[in-house]
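*Asks:* I would like the atomic coordinates for the input below:
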Amino acid sequence: MKLLILDRDGVINQDSDAYIKSLEEWIPIPGSIEAIAQLSKAGWTVAIATNQSGIARGYYSLATLDAMHARLRELVAEQGGEVGLVVYCPHGPDEGCACRKPKPGMLRSIGEHYAADLVGIWFVGDSKGDLEAAKAVDAQPVLVKTGKGQTTLSKGLPEGTLVFEDLAAVARALIHNHQDA
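*Replies:* The predicted structure follows:
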């Protein structure tokens, strides 16, 4: 199985320090929907692991979050692709859960769901927490320069981190380099 795991905010859709609180605020980064569809059509399973502490903070409801993910699935389907498992952490940073990145709980859940070994699996994110979660399960940390990526890049990266302009560049690399996989 060719499995790819993505962070959401700042990788797939535009991020906001004020949180993405409504379907109207959920705006795809140019090229990201097409990238997911292209990966899907090339045989990749694209799963998503996203911290959503705005739920714990009361900024938006689970129904709103579900609507955002339904919209993501719909947009990717319109391009002929499919989004795999979407897992999210609804907890606040002080709740001590095992799922909030940089803890690797969500990545482990995805691995268990697909019965996949996470060693070497690419986890694409835009924050240090994403990269640390990848390292915690021996996945391949991949940074995109969208979202908080430029700031993250300027602060130093875990050893072995791959860096791309955006999700479209990640998709091109994976599809080009793994077409025979």
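
*Asks:* show me the longest strand that occurs in the chain.
*Replies:* Across the chain, the strand with the greatest residue count (assigned by DSSP state E) is strand 44-51.

*Asks:* what does that one contact?
*Replies:* Strand 44-51 has contacts (C-beta atoms under 8 Å, 6 or more residues apart in numbering) with 1-9, 12, 36, 39-40, 69, 81-89, 100-101, 106-107, 109-110, 113-114, 123, 129, 133, 174. From N, CA and C alone the C-beta is placed, and that goes for glycine too.

*Asks:* tell me where the model's unsure across this protein.
*Replies:* 178-181 (pLDDT under 70).

*Asks:* now do 90
*Replies:* Low-confidence segments of the chain (pLDDT under 90): 177-181.

*Asks:* just after the longest helix along the chain, pick out the following helix or strand.
*Replies:* Scanning the chain for the longest helix, with DSSP state H as the assignment, gives helix 62-78. Secondary structure here is assigned by DSSP states H and E; on that basis, the next helix or strand after helix 62-78 toward the C-terminus is strand 86-89.

*Asks:* mind giving me the packing neighbours of the helix or strand following that next one?
*Replies:* Taking DSSP H and E as the definition, the helix or strand that follows strand 86-89 towards the C-terminus is helix 105-113. Using 3 or more C-beta pairs under 8 Å, 6 or more residues apart in numbering; DSSP states H and E as the contact criterion, the neighbours of helix 105-113 among helices and strands are strand 2-6, strand 44-51, strand 86-89, helix 128-136.

*Asks:* these into a markdown table, with extra columns for distance to G147 and mean neighbour count?
*Replies:* Output for those, formatted as a markdown table (distance: least, C-beta to C-beta, whole Å; neighbours: other C-beta atoms under 10 Å):
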| stretch | distance to G147 | mean neighbour count |
| --- | --- | --- |
| strand 2-6 | 11 | 23 |
| strand 44-51 | 12 | 24 |
| strand 86-89 | 16 | 20 |
| helix 128-136 | 10 | 23 |
